[in-house]
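Colleague: 3D model of this:
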Amino acid sequence: MTADNHLTDEDRKFLAGYDPHAFPPAAVTVDLVILTVRAGELCVLQIRRGEPPQRGRWALPGGFVGPDETLDEAAARELAEETGIRAGAHLEQLATFGDPGRDPRMRVVSVAYLALVPDLPTPVAGTDASEARYLPVAKLGGTEQSLAFDHDRILAEGIERARAKLEYTGLAATFLDEPFTIADLRRVYETVWGVPLHAANFRRKVLSTPGFVEPTGEKLATGRGWAELYRRGATAHLHPAIPRPAAT
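Modeller: Down below sits the predicted model:
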């Protein structure tokens with residue numbers, strides 16, 4: 001249903017004389033914080049801009065919203081173009097960024113999205129990017145150059161959202177291909193939070209949380225014995241939550 005279905009005769013008369021060019025131009029984009037686990041590290045997908053403005057700077061993948069796209073459709077399209085993933089990833093709105101001057105071209109409001117995905121293949125640069133890479137989050141703020149536009153701020157908020165959501169949702173399992181072991185799941189928490197966890201305590205918390213994981217009835221040989229295999233459960237919100245250890 002479109003807004004036209006609710007127009008009154010007064011609305012149509014008003015719109016006949018309405019001039020949208022009387023207002024400063026503005027555009028809407030989507031930017032994606034795409035997080036994955038690679039080689040035991042939490043990584044974010046970045047692209048090197050191949051076009052001005054800020055050509056050559058690393059940035060988050062994203063682009064302008066098409067005239068006939070919803071925000072979610074634009075985000076899903078960008079995710080597919082940058083990663084090849086068309087389904088199965090957790091994708092949610094993160095926040096909206098619209099400070100004046102954040103983009104030198106014009107007033108641009110960006111709706112940022114967070115995507116949590118299993119280990120991805122080597123990234124391939126898209127049409128407007130010269131390179132693409134997965135950068136370990138642990139390297140952020142070091143010798144790495146800051147990102148283009150206000151993408152450092154967007155990325156920081158995306159990482160913190162991901163870390164927080166692992167406390168009260170089952171999203172940690174999103175990083176894993178099924179089936180998985182409890183040890184696999186624990187390593188996701190350790191990687192995202194950046195802290196070691198007590199194996200026995202973690203296992204107890206996971207298995208005492210209804211609907212978090214479901215046993216497959218199969219086991220995996222570990223070399224030191226057998227580990228039970230699990231799949232993602234139906235519970236979206238964990239109760240009780242699994243609290244993040246305080247930073248030391």
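
Colleague: The chain: helices as residue ranges?
Modeller: With DSSP state H, the ranges of helices along the chain come out as 9-16, 71-83, 151-168, 182-193, 199-207.

Colleague: what pLDDT, on average, does stretch 63-82 get?
Modeller: Taken as a whole, stretch 63-82 has a mean pLDDT of 91.

Colleague: Show the end-to-end separation of that stretch, please.
Modeller: Counting by CA to CA, to the nearest Å, you get 11 Å between the two ends of stretch 63-82.

Colleague: So for that stretch, what gets flagged as buried?
Modeller: For stretch 63-82, the neighbour count (16 or more other CB atoms under 10 Å) marks Gly63, Val65, Ala74, Ala75, Ala76, Arg77, Glu78, Leu79, Glu81, Glu82 as buried. Backbone N, C-alpha and C define where each C-beta goes, glycine included.

Colleague: Now do the one helix or strand in the chain whose mean pLDDT sits lowest and helix 182-193, the angle between them.
Modeller: In the chain, the helix or strand scored least confidently by mean pLDDT, DSSP states H and E is strand 129-136, which has a mean of 84. Between strand 129-136 and helix 182-193, the angle comes out at 110 degrees (axes from the mean of the first three to the mean of the last three CA atoms, to 10 degrees).

Colleague: wait, Glu157 sits on Tyr113?
Modeller: No - using CB atoms under 8 Å, Glu157 is not in contact with Tyr113, being 11.4 Å away.

Colleague: So those two - more neighbours on which side?
Modeller: Tyr113 (26 against 16; other CB atoms under 10 Å).

Colleague: Report the contact partners of the nearest residue to the more buried one once chain neighbours are set aside.
Modeller: Distances taken as CB to CB, 6 or more residues apart in numbering put Ala75 closest to Tyr113, at 4.4 Å, once the chain neighbours are dropped. Neighbouring residues of Ala75 by CB atoms under 8 Å, 6 or more residues apart in numbering: Val30, Leu32, Leu91, Val111, Tyr113.

Colleague: now do Pro179
Modeller: Counted by CB under 8 Å, 6+ apart, Pro179 has contacts Thr216, Glu218, Leu220, Leu229, Tyr230, Arg231.
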